[in-house]
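Undergrad: just a sequence and a predicted model for now, questions to come.
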Amino acid sequence: MRILITDKVPESLLSAFKERGYNFDYIPDIEKGELLKIVSKYEILIVRGRTRVDRKLINEATNLKAVIRFGVGLDNIDLDLCKEKGINVYNTPRAFTEAVAELTLSLILGLLRNIGFAHYSICAGEWRKKELYGYELLDKNVAVIGFGRIGRRVAELLKPFKARIIVYDIIKFGEELLKQYTAVQVDSLVNAVKDADIVTIHVPLTKETRNMFSYDIFRSMTRKPFLINTSRGEVVDYDALLYALDHGYIRGYATDVYHIEPFYDERLTKRRNVLLTPHIGSQTYEAGERAVEETIEIVEKIFKNIEGV
Ligand code: NAD
């Protein structure tokens, strides 16, 4: 059974594989053309978000039995085709929750207090003390869009700030669960954002969530909230976002994720009321180690199943 790892993973995963005597190749940043040539030699493919496990790749991967996404989002993997071909897909969902939730909290606080622009202006030799007024998080209405692992952890981290949590999700949650987070659930995205001071996005990228933050949604944001996105760039319609910033429908935008990565666009980067990080949500040392453990468990499970133990 041969394993191919095509994106950067922690050294400890490689050492663990070596210790167990697994037959694996580690080729991070491999080009697509090269990958297409060699993929048929492998039964297990381990990827992060960079490698696109699309139709072209899957069709070449004639011996593939499993794809492991070292991470959470599965939007770079053609799940339907994998299912059709009997290729099992796994991810490491629990490992990164804390890292992304803590980054979300940092982005919320940083955006409310202009931390990015303040830092940048000092580095540029400017002392802008008088103009840098911000907002407090205490007692604010926070709309959490997508109340899964990360959304709930964000709600938990917001507790000391006595935030009122407004939840929007396709799953209807029971009163008991919502009470734990002092949250209320509403039945539409419009109802979630209209009274929010802060909106934080935690849905996966799917057909339904692509461009979910549209012109109409921005226009319904009556309290001019701050918008934070640590889910996927494509969930926010980029043109509508620029429009919302230009017309003051939102007070500011903080994001870790972009519709095109790597990202640079002065229509966003030149603004004072944005805070941008280069898709680092899952990148803590602790999360990496948890993901290593989850990945080892998955590989062991695959080996057992295939060997019929
Ligand atoms: P999760 O599956 O636990 O939660 C997602 C929630 O979104 C679920 O409750 C689901 O019901 C809800 N949802 C799905 N479709 C919806 C829709 N159309 N409308 C409303 N709600 C909907 O996932 P998670 O672990 O909380 O992760 C959320 C997302 O965060 C991931 O899918 C990934 O894209 C992103 N993520 C980003 C980083 C990063 O580096 N910035 C790291 C990890 C995860």
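TA: That came through, no problem.

Undergrad: please make it C-alpha for all contacts and neighbour counts, starting now.
TA: OK.

Undergrad: up against the ligand, what does this structure have?
TA: Selection of the chain residues close to the ligand by CA under 6 Å from any ligand atom yields 72-73, 93, 96-97, 100, 146-151, 168-171, 202-205, 208-209, 230-232, 256, 279-282.

Undergrad: one more pass at 5 Å, please.
TA: Contact residues, the chain versus the ligand (CA under 5 Å from any ligand atom): 72-73, 146-150, 169-170, 202-204, 208-209, 230-231, 281-282.

Undergrad: longest helix anywhere in this protein?
TA: When the chain is parsed with DSSP state H, its longest helix is helix 285-307.

Undergrad: and that helix, what other elements does it pack with?
TA: helix 11-19 (3 or more CA pairs under 8 Å, 6 or more residues apart in numbering; DSSP states H and E).

Undergrad: can you do 10 Å?
TA: helix 11-19, strand 44-47, strand 66-69, strand 88-91, helix 97-112 (3 or more CA pairs under 10 Å, 6 or more residues apart in numbering; DSSP states H and E).

Undergrad: okay, those, which one's buried deepest?
TA: Ranked by mean neighbour count, these are led by strand 44-47 with a mean of 23 (mean count of other CA atoms under 10 Å).

Undergrad: name the residues that touch that one?
TA: By CA atoms under 10 Å, 6 or more residues apart in numbering, the residues outside strand 44-47 that reach it are 1-9, 24-26, 28, 39, 53, 61, 63-71, 76-77, 87-91, 295, 299, 302.

Undergrad: out of those, which are buried?
TA: The neighbour-count test (16 or more other CA atoms under 10 Å) marks 3-7, 9, 24, 28, 39, 53, 61, 63-71, 76-77, 87, 89-91, 295, 299, 302 as buried among the contacts of strand 44-47.

Undergrad: what strands flank the helix or strand hosting residue 4, and is each parallel or antiparallel?
TA: Assigned by DSSP states H and E, residue 4 belongs to strand 2-5. Looking at strand 2-5 with DSSP bridges, its partner strands are strand 23-26 (parallel), strand 44-47 (parallel).

Undergrad: same list, these, but as a markdown table with mean pLDDT please.
TA: As requested, the strands paired with strand 2-5 are exported to a markdown table (pLDDT from 0 to 100):
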| stretch | mean pLDDT |
| --- | --- |
| strand 23-26 | 98 |
| strand 44-47 | 98 |
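
Undergrad: any chance of those in JSON lines, plus distance to residue 272?
TA: Listed next are those as JSON lines, based on distance: least, CA to CA, whole Å:
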{"stretch": "strand 23-26", "distance to residue 272": "41"}
{"stretch": "strand 44-47", "distance to residue 272": "36"}
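
Undergrad: how far does the helix or strand bottoming out on mean pLDDT in the chain sit from its chain's centre?
TA: One helix or strand of the chain scores below all others by mean pLDDT, DSSP states H and E: helix 285-307, with a mean of 92. Centroid displacement of helix 285-307 relative to its chain, using CA atoms, centre = their mean, to the nearest Å, is 21 Å.

Undergrad: show me what counts as buried in that helix.
TA: Of the residues in helix 285-307, 287-289, 291-295, 298-299, 302 count as buried by neighbour count, 16+ other CA under 10 Å.

Undergrad: turn the residues you listed into a markdown table, columns for distance to residue 32.
TA: Formatted as a markdown table, those follow (distance: CA to CA, whole Å):
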| residue | distance to residue 32 |
| --- | --- |
| 287 | 27 |
| 288 | 25 |
| 289 | 27 |
| 291 | 25 |
| 292 | 25 |
| 293 | 28 |
| 294 | 26 |
| 295 | 23 |
| 298 | 25 |
| 299 | 24 |
| 302 | 26 |
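
Undergrad: many thanks, we can stop here.
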